[in-house]
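>>> give me a 3D structure for the following:
(chains A and B)
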Amino acid sequence: MTKVLLIEDDPIQIMILGTKMKIEGILCIVARNGKEALIAATSEKPDIILSDILLGAENGLDIVEKIKKNKKTKDIPIIIFTNYADKKAMERAESIGVVEYIIKSGVTPKKIIEKIRGYN
Amino acid sequence: MFCTDVPAPFLLIFSETVPQLLYFSHIPTAFIALILGFFVFSKTRKGRNKFAGQLLLIVSLLFTVWSILDIILWTNIDSDRVAFVWSIINFMALLVSSCTLYFSYVFLENKDAPLPFKVLIGFLLLSYAVFIPTNINLDIFNLSNCEFEEGLLVNYYYFLEIVFFSCLLIYLIKKIAKAGKERKKIIALFSLGVICFLLSFSGSNLFGNITKHWEIAQYGLFGMPLFMAFLIYLIIEYRVFNIKLLAAQALIISIIILIGSQFFFIQTDTNRTLTAIILFLVIIFGFWLVKSVKKEYEQKEELEIANIELKKLDQAKSDFINIASHQLRTPITVIQGVASMMLEGDMDKMPLKEKQEFYRAVYDKSRKLQTIIHDILNSTELEGKEYNAMDEKMNSIDLQELIGKVIKDFEVEAKERDLDLIFIPTKENIPKINGQEKYLEEAFINLINNAVKYTPSGKITNEIRIARTKKGRAKIEISIENNKDNKGVLIKIKDNGIGIPVEAAPNLFKRFSRAKNAVNMYTDGTGLGLYIVKEIVEGHGGKVWFESELNKGTTFFVDLPIVTKELNIKKRILSKDS
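Presented below is the predicted three-dimensional model:
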């Protein structure tokens, strides 16, 4: 079963994506902040990571950068999944090495799952 | 006692045996320096260079005093007078040098010198001054030719002059090296002016003293007003300074002087007439040329400033668009997500309770979208808007009535949330104010909405997480009264809610800013409510502010003036006249 780590703090988003993934038979692990994310990434070894950028006080790009630098998790493909369409953020994400930068409002949950399956 | 070999001067300084050069090098130069000093002082009195101008005046005054003392020294035969003047004249020279150093610092840094610097200079000067009345200064007096044999103090004088000069030189070189390309040229020119100024004064003095070639010292003094004029030019023209402008001005002035000087040499009348015509033309067109070049540079500078402002506005606009688009996308994502799941048949298999949560989310987000769009459009429309008393839409508004109406609209929600929403009645006579009812109503809706949202009573489920730190009912009290100077109305909205943290306070009225505890409590706020309130209240000539204590409550104050129609008419007439 595909294992996805979702780094997201909005409970409604978690509800929608989580439910869709469950219906599609994908295991979804949720981390609401940087600390939870790093622990989950290293211990659960997900197949793919889906991360938002605006996480309360934290910046998702900082968290994702740390995951990329960690030997144990650097090879996990990361998709940035956010509504924050800022050019600088996109450039930074690219330099960190994420595989895609997706604007949430541009895709349906089904579409995102197709993408996830694509990276498996 | 009088010196024997020298004839007595008349009028304190005029003597026949003294070379003419002495008079020319001292009297007109001191006079010109004095005029220049007062000139620069008056010109900089109201500018950023006020202090520098004052210091330059002091330098010129010191120089004048020095000149008078020096010429007395040269011409006098009263031994007491000579003794006194000789003993202090070097000290005067030191004062001129140290003040020039001080002036240079103040002008280039545009602020006063630090205390340690002043203390050091003062100490050095004092350490010289204490020896003035001793014979380390002046030793043996020769009555025949009215001359003193100088003691060791004169070496200390040379040393201090070199110290001041070197400090200045090092400081100026550092300033030039550190300066950006723009400033380098002008600082270099200023440095040149100051160095030449000091060299021509102290340098020639020192040189004359050491080599006993006194004429050098005399010629040096001519340099004084010259370089002072140069420095003054730089100070006054600093803002619009430009090498090309300086070159144009120098050229014009040189031509005028050269042509003017012809008048001393021309013999024939024809020549004289021609020269006069040329001189006249050069003066007229020269000054016109300089004036137009200067104007061009001033315009260029203004354009640059406007450009910077435009860039800032542009950045602010794109920041706004960034955040606004993010705010709009978030609820759309939810609505779209759930709708797509409905179409894909995912909802059919879901239990009712879970389905309800999804549908609730769609409903809430679509309402939120409504609010965000309304707020964003509002905030852009209201930005900087002023409510003109002459506008037909303005009328006399009874605030008590208006606020009463708003409170009534919130009664249902207050009951649902188990909040006490109280309008405190007043016995005072509240005047009507001029305003646009629609907008004032919006402002008070936003303020009362905030109070309701952020004063939890524990009744609504997601508020249970937020602990109430004190017992008692959740309460919002609204009052209205005459303001302090009786020219307006003061409205207070007091709640015992979550309060506003200190860090959030300075930015609270800015667009999209929300306090952390507010976000925790109510994640869906737009961050535009208070911005809109501020624009409306200030547009009506009023003020809005708050006092708050974290977890205890917040009170918002709105002060609206009674702007009478007559007052506004007066304002318009006055502004037309000015």
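>>> how many residues are close by B:L108?
20 (other C-beta atoms under 10 Å in any protein chain shown). C-beta: built from backbone N, CA, C; applies to glycine.
>>> next secondary structure after the strand or helix carrying B:K300?
Element membership for B:K300 (DSSP states H and E) is helix B:269-343. Scanning forward in sequence from helix B:269-343 by DSSP H and E, the next helix or strand is helix B:352-382.
>>> which residue ranges make up each domain of chain B?
If you go by automatic domain parsing, the domain ranges for chain B are B:20-239, B:387-577.
>>> what about residue 91, which helix or strand?
No chain in the question, so chain A it is. Using DSSP H and E, A:E91 sits in helix A:87-96.
>>> chain B was what I was after
Assigning secondary structure by DSSP H and E places B:F91 in helix B:79-109.
>>> which secondary structure elements does that helix contact?
Applying 3 or more C-beta pairs under 8 Å, 6 or more residues apart in numbering or on different chains; DSSP states H and E, we find helix B:79-109 packed against helix B:50-75, helix B:115-129, strand B:138-142, strand B:147-150, helix B:153-178, helix B:181-198.
>>> so which of these is the most surrounded?
helix B:50-75 (a mean of 21; mean count of other C-beta atoms under 10 Å in any protein chain shown).
>>> residue with max distance from the center of chain B?
Farthest-out residue of chain B from its mean C-alpha position, per C-alpha atoms, centre = their mean: B:K349, at 68.5 Å.
>>> picking up where we left off before, dump the domains of chain B into TSV; add mean pLDDT as well.
Output for the domains of chain B, formatted as TSV (pLDDT from 0 to 100):
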stretch	mean pLDDT
domain B:20-239	81
domain B:387-577	81
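>>> need those in TSV (columns: distance to A:V99).
Compiled in TSV, the domains of chain B are given as follows (distance: least, C-beta to C-beta, whole Å):
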stretch	distance to A:V99
domain B:20-239	44
domain B:387-577	29
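>>> thinking again about what came up before, phi, psi of the residue farthest from the centre of chain B?
Main-chain dihedrals, B:K349, degrees, to the nearest 10: phi -90, psi 0.
>>> next: B:G220.
The phi and psi values for B:G220, taken as degrees, to the nearest 10, are phi -60, psi -40.
>>> against B:R360, how distant is the closest residue to it other than its chain neighbours?
Leaving aside its sequence neighbours, B:G220 sits nearest to B:S204 (C-beta to C-beta, 6 or more residues apart in numbering or on different chains; 2.3 Å). Distance, B:S204 to B:R360, by C-beta to C-beta, to the nearest Å: 93 Å.
>>> do the same with B:I266
For B:I266, the distance to B:R360 equals 103 Å [C-beta to C-beta].
>>> where in chain A is pLDDT low?
For chain A, no stretch has pLDDT under 70.
>>> regarding chain A, what is its longest helix?
helix A:11-23 (DSSP state H).
>>> and whatever helix or strand comes next after that helix, what does it pack onto?
Proceeding N to C from helix A:11-23, the next assigned helix or strand is strand A:27-31, under DSSP H and E. Contacts defined by 3+ C-beta pairs under 8 Å, 6+ apart place strand A:27-31 against strand A:3-7, helix A:11-23, helix A:34-44.
>>> what residues sit buried inside the helix holding B:F91?
B:79, B:82, B:84-108 (16 or more other C-beta atoms under 10 Å in any protein chain shown).
>>> for chain A, which residues are neighbours of chain B?
When proximity is defined by C-beta under 8 Å from any C-beta of the partner chain, chain A lies next to chain B at A:10, A:12-13, A:15-17, A:19-20, A:23, A:54, A:56-57, A:83-86, A:103-105, A:108-110.
>>> surely B:L56 touches B:V40?
Yes. Assessed by C-beta atoms under 8 Å, B:L56 is found in contact with B:V40 at 5.2 Å.
>>> common neighbours of these two, please.
B:232, B:235 (C-beta atoms under 8 Å, 6 or more residues apart in numbering or on different chains).
>>> cheers, nothing more for now.
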